[in-house]
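> Structure for this input, please:
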Amino acid sequence: MRTISRIAVAASVVSLAACAPLPPLGAVFVAVGPPAYYQDDAIGVAPGPDYVFIRGYWGWRDDAYVWVPGRWVERPYPNAVWVRERWYHAREGWYREGGHWRGEGRGEDRGRGHGDRDH
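Just a heads-up that it's a prediction; the model follows:
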């Protein structure tokens, strides 16, 4: 019975490891995770009908987190949806994956679509 339990545990660990996302090549790793809050962005008025407001995010510069403010961006194709930047935790530390567009009109999701933390 112990052997079966050990095999089940080992199989679970292997299957979970196989599902874990790999950091992109060239990812910059940070030892400390990003702040758990967002700063308020002054949204204002859209400059045109096809513009989407992309919220700000915590970026890493030199040796500290810095707030990168939000901005208005023209939608690149009809029904495009912005998927915001995210920070992920990996064995090597925290890394940021940039935002991307997805949605009907391109027929594909141009991002990776995984995640640990929405920051």
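> where does the protein have low pLDDT?
Within the chain, the ranges that satisfy pLDDT under 70 run 1-21, 105-119.
> Ignoring the adjacent residues along the chain, who's closest to residue 76?
Nearest residue to residue 76, sequence neighbours excluded (C-beta to C-beta, 6 or more residues apart in numbering): residue 101, at 5.7 Å. For glycine as for every other residue, the C-beta is placed from the backbone atoms N, C-alpha and C.
> sec struct for the one you found, please.
Classification of residue 101 by DSSP: H, G, I helix; E, B strand; the rest coil places it in strand.
> dump the residue contacts of residue 99.
Contacts of residue 99 were listed using C-beta atoms under 8 Å, 6 or more residues apart in numbering, and they are 54, 57, 82, 83, 84, 85, 111.
> and the residue nearest to it when sequence neighbours are not counted, how many residues sit next to it?
Nearest residue to residue 99, sequence neighbours excluded (C-beta to C-beta, 6+ apart): residue 85, at 4.5 Å. Other residues lying near residue 85 total 20 when counted by other C-beta atoms under 10 Å.
> Is it correct that residue 85 is in contact with residue 96?
Yes - counting by C-beta atoms under 8 Å, residue 96 is a contact partner of residue 85 at 6.1 Å.
> Can you spell out which helices and strands pack onto whichever strand or helix holds residue 82?
In this assignment (DSSP states H and E), residue 82 forms part of strand 81-83. Judged by 3 or more C-beta pairs under 8 Å, 6 or more residues apart in numbering; DSSP states H and E, the packing partners of strand 81-83 are strand 100-103.
> Neighbouring strands - and their directions - for the strand it packs on?
If you go by DSSP bridges, strand 100-103 pairs up with strand 81-83 (antiparallel), strand 108-109 (antiparallel).
> Output the helix or strand that the longest one is followed by in PDB, but only the C-alpha positions, please.
Next along the chain after strand 81-83, taking DSSP H and E as the criterion, comes strand 86-90. In PDB, the C-alpha atoms belonging to strand 86-90 read as follows (Å, rounded to 0.1, in the frame of the first residue of the first chain):
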ATOM      1  CA  ARG A  86       1.500  40.300 -14.900                       C
ATOM      2  CA  TRP A  87       4.200  39.200 -12.400                       C
ATOM      3  CA  TYR A  88       4.900  35.500 -12.000                       C
ATOM      4  CA  HIS A  89       6.800  33.600  -9.400                       C
ATOM      5  CA  ALA A  90       9.400  31.000 -10.500                       C
END
